[in-house]
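Chemist: Sequence plus predicted model, see below.
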Amino acid sequence: RGPAKLQPILPLAMLLAVSCHVAIASTERPFSRRSLAGRTLSVSIDPNTTPKTVPFDSSLRVGSPDISPDDYRIVKERPGCDAPEQIHLTYWTSTSVLVSWATCDAKVAQHITKPQTAKGNTIVLYGKDSNKLDKSAVGIAAGYVYNYSAIREPSYASPVLHHVLLEDLEPGTTYYYSPATSSDDGGMGQSQVYNFTLPKASFPVNIGVMADPGQTYNTSVMLDHLRATNPELVLLVGDFTYADEWLTLETRLPDGLKYTYQPKWDTWSRLFQPLLSHVPVIHTNGNHEIEQQPSGVRNTAYNYRFPTPQKSSEAPTTFTGTTKSNPYTNLYYSVELPGVFKSISLTSYSIDQKENGFNKEQEQYKWLEQELKNTDRTKTPWLVVLVHAPWYNTYATHFKENECMRQMYEWLMIKYNVDMMLFGHVHAYERVKPINNYKVDECGPVHITIGDGGNVEGTYKDFIDTVNPRPAYCDNPNSGKQFPSYQPQKCLTYQDGQYCFKQQPDWSAYREPSFGHGNLELMNATHAKWTWTKNQWPAFNVADEVIIVRKDKEVGSCG
C-alpha cells in the first residue's frame, strides 16, 4: 500500500494574516542583444518594507543531536539483499522520474577496496493501479568505496545502489511503483508499493524548499512540517547528511582528521524515504557533499546516490566522483516543467573553482551562459537558480564567503532576468529584496537563504552588525581568515567604506535565526507565493510570507 496522502494543517486565513507583498514585473519585447531570451523582467517591492530582524529566541536550544542510531526511522528493517530501502525519486523531465534505492548491507571495515555488485537485474514495476503494476522498466546498479586505508581508518563499501528511469509518464497522473530485483532463475524480490504524481505542466504548482537538513531531531520536525504542506516537488539546496562531521554513528569527528562516516548516508536516506519516495526532488550540492578521499576523488557518495540529468535526459549509465580531469561531473544541471518554471543548479565547490577561482572560461560558466541564453521566457515564466553558499548574507558565519562567485556570475542573473535565487549554507533564514551589486534593484532577483533544515551544527544566531566581539576580519579583511579551505577564493568588497555592515542593510528584508523550511507556490505566470515556516513544535509558525508579482516594465530598462 502506498503512503497516505498528506493534508495541510494550516488554514489559509492564518497564512494571509502574516502576508506582505513583493512585486516582480515582466513584459514581452523584441529580441535584442540585451535580452536574447525575449522577455524583460524587473523586480520591485510593494510595499517597500523596513528591514526586519527577529533575534534568536534564547528560550530555545541552538540545536539538537543526530537521531539515535537505534531509532526505528533510520534502522534497516531487515538485513540482506532482498528488501529495497532508502527509496527516493529524482525529478528528471516533465514526463520522467528517476527511481533510486539500495539493497544489501553496507560494509565498514579496514582495507575495503572493491564495491559490492548486484546479484540480479534492477527493475521497477509500475502502473496506474496499485493492484496491477502492468509495466516494468530496467535500470542499472552500482556501488562505491571510500578507502581510508592510507590514514588507518575504517573504509566503507556502500550498499548496492539502484537507479531506474521511468519514462513517458503522464503529468498529473498518480503512478504506483515497486522497486524489485530479478534473479537468473526467474525469481523476483519486490518491495511494497509506493506512489507519486508528477506535477502537471500548468499552474498552480506547490514546491517545498529546504537546505542543510542533516538528520537531527530538529530535522524530523522540519520534515513533518514540510510533508504536511503536500508539495508536488522538493528543492534541496545542498548539505544533505553531514556524514563528514562523524567518526562513527555517535562520535563526532576530531579536529584535523579528514574523514567521513559514510553510513550516515544510509541513515539519512531512511529518514527521508517517507517524503522522497512520494515527492520527486531537485537538488544541488554543498560543501558537505565534497567528502574528498585520500586519493583526491571528491563527491563520490553524492554522485552515485543522486545522479542528475547533467548531460542528457536519458537514464544514467555510469557513475564516478569528481577529479581534476573531470571537476564538474554531476555538479550543475537544469530541469524544467514546461510552461511553468526552470530550475538551474550550480556549484561553487568544484576542485577547478577551488584551485583556479571563478572565470568565464570554466565549464560551468560557459554552460550556464548558453543555458540562460536558450531559455525562452515567453514559454518559461519562472526562472529559479539554486546555489548552496549565499551571495548576500548578514550573518557573521560565512560572511561574504562566496563573494568571488557573485562577482563573476551576478551579471548573468541580471541580463537573463532570473526571478529567484535559493541558497543554504547559513543555518538560519534570510530573505533579500531584489538586488544587484549590494543595492536594491528592481532588475535583480529575490535572494532567499534557507539553510535552516535542522542539521547537527545548530542555528547561526549572530548577525555581522551586532555580533560581540566583532570578528577580526572586519578590520583586516585582507588576512583572508574568513574564507574556509573548501571556499578559499578571496574577493573583497566594501560598502560605504566598510567591509562588515554596521547595521542591517536596506536590502535585507527579513532575517531570523531559526530552523524551518520554505514553500514556493507558483500560482500562475505572474504571481507566486513564498512562505517560510519555522520549527516551533508542535505547531506551525508561519513567520514570513510574500507574494511575488511579475508586472509590465519599460522595455530596455534592465540589463
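Modeler: Structure received.

Chemist: ends of stretch 399-406, how far apart?
Modeler: Here the two ends of stretch 399-406 are set 13 Å apart, with distance taken as Cα to Cα, to the nearest Å.

Chemist: Pretty sure residue 288 sits in a strand.
Modeler: No: assigned with DSSP: H, G, I helix; E, B strand; the rest coil, residue 288 falls outside any strand and is helix.

Chemist: quick one: contacts for the closest residue in space to residue 139 that isn't next to it in sequence?
Modeler: Leaving aside its sequence neighbours, residue 139 sits nearest to residue 164 (Cβ to Cβ, 6 or more residues apart in numbering; 3.1 Å). Every residue, glycine included, has its C-beta placed from N, CA and C. Under the criterion of Cβ atoms under 8 Å, 6 or more residues apart in numbering, the neighbours of residue 164 are 98, 99, 100, 122, 123, 124, 137, 138, 139, 140, 179, 315.

Chemist: Could you look up the SS state of residue 164?
Modeler: Per three-state DSSP, residue 164 ends up strand.

Chemist: Who does it form a beta bridge with?
Modeler: Taking DSSP bridges as the rule, residue 164 bridges to residue 99.

Chemist: I'd like the distance between it and residue 202.
Modeler: Distance of residue 164 to residue 202, computed by Cβ to Cβ, to the nearest Å: 27 Å.

Chemist: Let me know the distance separating the residue nearest to residue 139 from residue 330.
Modeler: Following Cβ to Cβ, the distance that separates residue 164 from residue 330 is 18 Å.

Chemist: And for residue 363?
Modeler: Relative to residue 330, and taking Cβ to Cβ, residue 363 is found at 12 Å.

Chemist: Looking at the two, which one has more neighbours?
Modeler: A count of neighbours by other Cβ atoms under 10 Å puts residue 330 above the other of residue 363 and residue 330, at 25 against 14.

Chemist: Can you tell me the SS state at that one?
Modeler: Here residue 330 is recorded as coil under three-state DSSP.

Chemist: Tell me if I'm right that it and residue 304 touch.
Modeler: No: under the criterion of Cβ atoms under 8 Å, residue 330 makes no contact with residue 304, lying 9.2 Å away.

Chemist: which neighbours do those two share?
Modeler: Joint contacts of residue 330 and residue 304 (Cβ under 8 Å, 6+ apart) do not exist.

Chemist: Strands of the stretch 301-450 of the chain, start to end?
Modeler: Remark: strands assigned in the stretch 301-450 of the chain by DSSP state E, counting those that start in this stretch are 333-337, 341-345, 382-386, 420-423, 429-432, 435-436, 439-440, 446-450.

Chemist: Just send the ones you listed back as TSV, with distance to residue 244 and mean pLDDT too.
Modeler: Shown next, in TSV, are the strands of the stretch 301-450 of the chain (distance: least, Cβ to Cβ, whole Å; pLDDT from 0 to 100):
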stretch	distance to residue 244	mean pLDDT
strand 333-337	23	98
strand 341-345	20	98
strand 382-386	21	97
strand 420-423	20	98
strand 429-432	24	97
strand 435-436	32	96
strand 439-440	37	94
strand 446-450	21	97
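
Chemist: do you know which of those lies nearest residue 104?
Modeler: strand 333-337 (28.6 Å; Cβ to Cβ).

Chemist: just how off-centre is that closest one within its chain?
Modeler: Distance, stretch centre to chain centre, for strand 333-337: 13 Å (Cα atoms, centre = their mean, to the nearest Å).

Chemist: How about residues contacting it?
Modeler: Under the contact criterion Cβ under 8 Å, 6+ apart, strand 333-337 has outside partners 91-94, 199, 201, 205, 233, 282, 308-310, 342-345, 371, 380.

Chemist: still on that earlier bit, can you pick the most crowded of the contacts of residue 164?
Modeler: Ranked by the number of neighbours (other Cβ under 10 Å), the contacts of residue 164 place residue 179 first, at 29 neighbours.

Chemist: Spatially nearest residue to that residue (excluding sequence neighbours)?
Modeler: In space, and not counting its chain neighbours, residue 179 is closest to residue 84: 4.1 Å by Cβ to Cβ, 6+ apart.

Chemist: Any stretches of the stretch 51-200 of the chain with poor pLDDT?
Modeler: Residues of the stretch 51-200 of the chain that meet the criterion pLDDT under 70 lie in 183-189.

Chemist: Now do the nearest residue to residue 372 once chain neighbours are set aside against residue 172, distance only.
Modeler: Nearest non-adjacent residue to residue 372, counting by Cβ to Cβ, 6+ apart: residue 416, 3.9 Å away. Remark: distance between residue 416 and residue 172 (Cβ to Cβ) = 29 Å.

Chemist: Neighbour count for the two, which is higher?
Modeler: Per other Cβ under 10 Å, whichever of residue 416 and residue 172 has more neighbours is residue 416, with 23 against 12.

Chemist: Please tell me I have it right and that one contacts residue 380.
Modeler: No: using Cβ under 8 Å, residue 416 is not in contact with residue 380, being 11.0 Å away.

Chemist: chain center to stretch 74-94, what's the gap?
Modeler: 19 Å.

Chemist: which of the residues in that stretch are buried?
Modeler: For stretch 74-94, the neighbour count (16 or more other Cβ atoms under 10 Å) marks 74, 76, 81, 83-94 as buried.

Chemist: got the end-to-end distance for it?
Modeler: End-to-end distance for stretch 74-94, by Cα to Cα: 31 Å.

Chemist: cool, stretch 65-85 as well?
Modeler: By Cα to Cα, one end of stretch 65-85 lies 24 Å from the other end.

Chemist: which other residues reach it?
Modeler: Taking Cβ under 8 Å, 6+ apart as the rule, stretch 65-85 contacts 101-105, 119, 160, 162, 179-181, 189-191, 214-217, 219-220, 242, 246, 249-250, 264, 266-271, 273, 456.

Chemist: ok, of the residues you listed, which come out buried?
Modeler: 101-104, 160, 162, 179-181, 189-191, 214-217, 219-220, 242, 246, 264, 266-271, 273, 456.

Chemist: Restricted to helices, list the residues you listed.
Modeler: Residues from these lying in helices, with DSSP state H as the criterion: 217, 219, 220, 264, 266, 267, 268, 269, 270, 271, 273.

Chemist: Which pair of those residues spans the longest distance?
Modeler: Of all pairs in those, the most separated under Cβ to Cβ is 217 and 266 at 18.6 Å.

Chemist: Low-confidence regions, the stretch 401-550 of the chain specifically.
Modeler: Short version for the stretch 401-550 of the chain, where the test is pLDDT under 70: 537-539.

Chemist: any chance you could map the helices in it?
Modeler: Under the criterion DSSP state H, counting those that start in this stretch, helices of the stretch 401-550 of the chain are mapped to 403-415.
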